[in-house]
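> can you look at this prediction? I've put the sequence above it.
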Amino acid sequence: MAGPLPPSPPLADAAGIRAAMEYYARQEWTDGLPVVPVTESYLAEFLARTSLPPDEVVLAMPHLNRECTVRLAAINAAMAGCLPDYFPVVLAAWEALAGDGYPVRGIWQSTTGTAPLLIVNGPVRTRIGLNCAGNVFGSGFRANATIGRAIRLTAINVFGLHPHLLDQATQGTPAKYTACIAENEEQSPWPPLHVEHGFDPADSAVTAIVIRSCVHIEARHTQVPEQLALDIAGTIRRTGALVHETISALVVLGPEHARLFAGAGWGKDNVRQFIYDHAANTRADLAAVGKDAVSRHTHWRLAADHPDAMPDRASGGDNPDLVPALISPAAVQLMVAGADNAGVSAVIETFGPRGGPPSIARVGDIDG
Amino acid sequence: MPAVSICTEPFVPAAQAMARVYGFPAYEFATMPHPLASLDQAQIQARARDLMPAVLRILGAGS
């Protein structure tokens, strides 16, 4: 513990609190960690932060005959440890998740083992203490930890996506516990993610992207933008990431790397274009791992001699021996997060968007 | 149209969970070993042959 205990710690019957927590655990209303017991009076504090009626549906999964309402989202946000002030961000997250399309179609049940990443922009970041700087993917910040967890607990408790049952992830990802970051707008040389997609800088907004792996880029040695961009492109194109014919990525630049690009006169579109041009594998490299063609039914990559194989798009292009991993520069999303203390960035391997904009929703009702 | 659902053995718990969601907890699946996606054509054909008795039984053939 940092610092002395407060002079008057709250008095409570710890056995009673523990009994309530153990009851929730026995009901399997948990991701494995303890959850916060929720009473009607506490729930009312969450519902007071939105003008939406409690029975309004925030996301439906028709194939499961299940839907999440504002009330159910609030219960799980409270259980996750959110403060009531976080609830408008949680609701915006649900709106963004519903707009993304993948969760509605059941991606959270997939063997691929994805998780929803939430990216928060705008003034709400500082208002509720969302971390956008050092250790941004790590632990230590209640708002980040609990807003992401609120989504996962809802997936388990409302949609019934328990591992080994309706959640069939082969391995999953640590991001399934929680994945919520904020953009370091103050140390970005470029417009933030939500402004790039048409929001006002004074808006607060949540972007939802389906993710799997988070791969770090070590590049502390260079001041050459092409070298850094090639390091990023080389990480994106790795053959192990190639499920479909093409893939998509969110590049989370540390402030130092973003400044390196901007200092050389590169805007976001320049970075995107360079990455698109260089995130390509040779035909021979793909053949070596049996991914040099696509399935005519699923368009997943497989070997050219597979009975279901058909040529990929690149085969009919000007340079059939160089196969782009991305379908367009827009398949790369760019944002800035992390501390301005080292040349470190990250590639988040995403399940879309592969061309269009990401799903972003404005945070409303902040003052409830 | 009569239909039979086929799943590999690791997916049986998920399939049964889906059956409960839809209100048919006793829904019967034809099952086969994992893996499937990496099999070659001859292995797939062998799987299909192996599955036929279970498929026909669930369809009610001969009953």
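Right, received. Where do you want to start? Numbering: from 1, shown residues only, chains lettered A, B, ... in the order given.
> for chain B, which residues are neighbours of chain A?
By CB under 8 Å from any CB of the partner chain, the residues of chain B that approach chain A are B:11, B:13, B:14, B:17, B:18, B:21, B:22, B:41. Just so you know, the C-beta spots here come from the backbone N, C-alpha and C atoms, and that holds for glycine as well.
> apply 7 Å and report the result again.
For chain B, the residues in contact with chain A (CB under 7 Å from any CB of the partner chain) are B:11, B:13, B:14, B:17, B:21, B:41.
> any chance of the residues you listed in JSON lines, plus distance to residue A:229, secondary structure and pLDDT?
Converted to JSON lines, these look like this (distance: CB to CB, whole Å; DSSP: H, G, I helix; E, B strand; the rest coil; pLDDT from 0 to 100):
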{"residue": "B:11", "distance to residue A:229": "42", "secondary structure": "helix", "pLDDT": "94"}
{"residue": "B:13", "distance to residue A:229": "45", "secondary structure": "helix", "pLDDT": "94"}
{"residue": "B:14", "distance to residue A:229": "41", "secondary structure": "helix", "pLDDT": "93"}
{"residue": "B:17", "distance to residue A:229": "45", "secondary structure": "helix", "pLDDT": "94"}
{"residue": "B:21", "distance to residue A:229": "47", "secondary structure": "helix", "pLDDT": "92"}
{"residue": "B:41", "distance to residue A:229": "43", "secondary structure": "helix", "pLDDT": "89"}
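> most surrounded residue in those residues?
Within the residues of chain B next to chain A, residue B:17 tops the neighbour count with 20 neighbours, counted by other CB atoms under 10 Å in any protein chain shown.
> go ahead and confirm that one touches residue A:164.
No: the pair residue B:17 and residue A:164 fails to qualify as a contact (CB atoms under 7 Å) at a distance of 9.1 Å.
> contacting residues around residue A:5?
By CB atoms under 7 Å, 6 or more residues apart in numbering or on different chains, residue A:5 lies in contact with nothing.
> please tell me how far it sits from residue A:21.
Distance, residue A:5 to residue A:21, using CB to CB, to the nearest Å: 22 Å.
> check contacts around whatever residue of the stretch 201-350 of chain A ends up closest to chain B.
Across the stretch 201-350 of chain A, the shortest distance to chain B (CB to the nearest CB) belongs to residue A:307, at 5.3 Å. Applying CB under 7 Å, 6+ apart to residue A:307 gives the contacts residue B:41.
> go on, residue B:12?
Neighbouring residues of residue B:12 by CB under 7 Å, 6+ apart: B:29, B:31.
> hmm, try it at 6 Å
Neighbouring residues of residue B:12 by CB atoms under 6 Å, 6 or more residues apart in numbering or on different chains: residue B:31.
> ditto for residue A:119
So residue A:119 contacts A:181, A:207 (CB under 6 Å, 6+ apart).
> can I assume it sits in a helix?
No: Residue A:119 is assigned strand when assessed by DSSP: H, G, I helix; E, B strand; the rest coil, not a helix.
> confidence score at it?
The model reports residue A:119 with a pLDDT of 98.
> then residue A:365?
Taking residue A:365 on its own, its pLDDT is 68.
> cool, and residue B:62?
Predicted confidence (pLDDT) at residue B:62: the value is 66.
> residue A:1 too?
Listed pLDDT for residue A:1 reads 59.
> for chain A, what's its nearest residue on chain B.
residue B:17 (4.2 Å).
> which residues touch that residue?
A:165, A:166.
> residue A:71 too?
residue A:54.
> and what of the one 10 residues further on?
The neighbours of residue A:81, taking CB under 6 Å, 6+ apart as the test, are A:36, A:146.
> any idea how far residue A:48 is from it?
For residue A:81, the distance to residue A:48 equals 18 Å [CB to CB].
> and residue A:192, how many neighbours?
Residue A:192 has 23 neighbouring residues, counting by other CB under 10 Å.
> can you give me phi and psi for the residue nearest to it when sequence neighbours are not counted?
The shortest distance from residue A:192 to any non-neighbouring residue, by CB to CB, 6 or more residues apart in numbering or on different chains, is to residue A:185 (4.5 Å). Main-chain dihedrals, residue A:185, degrees, to the nearest 10: phi -60, psi -30.
> quick one: the helices in chain B?
For chain B, the helices defined by DSSP state H cover B:12-21, B:41-59.
> of these, which stretch is the most buried?
Among these, helix B:12-21 has the highest mean neighbour count (mean count of other CB atoms under 10 Å in any protein chain shown), at a mean of 17.
> ok, and what's touching stretch A:59-67?
By CB under 6 Å, 6+ apart, the list of residues contacting stretch A:59-67 reads A:57, A:68, A:94, A:97, A:98, A:106, A:159, B:21.
> what is the neighbour count of the nearest residue to the first one once chain neighbours are set aside?
The spatial neighbour of residue A:57 that comes closest, neighbours along the chain excluded (CB to CB, 6+ apart), is residue A:67 at 4.7 Å. The local packing count at residue A:67 equals 14, with neighbours defined by other CB under 10 Å.
> please apply the same query to residue A:186.
13.
> please apply the same query to residue A:101.
For residue A:101, using other CB under 10 Å, the count is 14.
> and what of residue A:120?
By the criterion of other CB under 10 Å, residue A:120 has 27 neighbours.
> how far away is residue A:8 from residue A:69?
For residue A:8, the distance to residue A:69 equals 38 Å [CB to CB].
> who's more crowded, the two?
Ranked by neighbour count (other CB under 10 Å), residue A:8 and residue A:69 place residue A:69 first, with 18 against 6.
> show me what that one is bridged to.
In this entry, residue A:69 is beta-bridged to residue A:57, by DSSP bridges.
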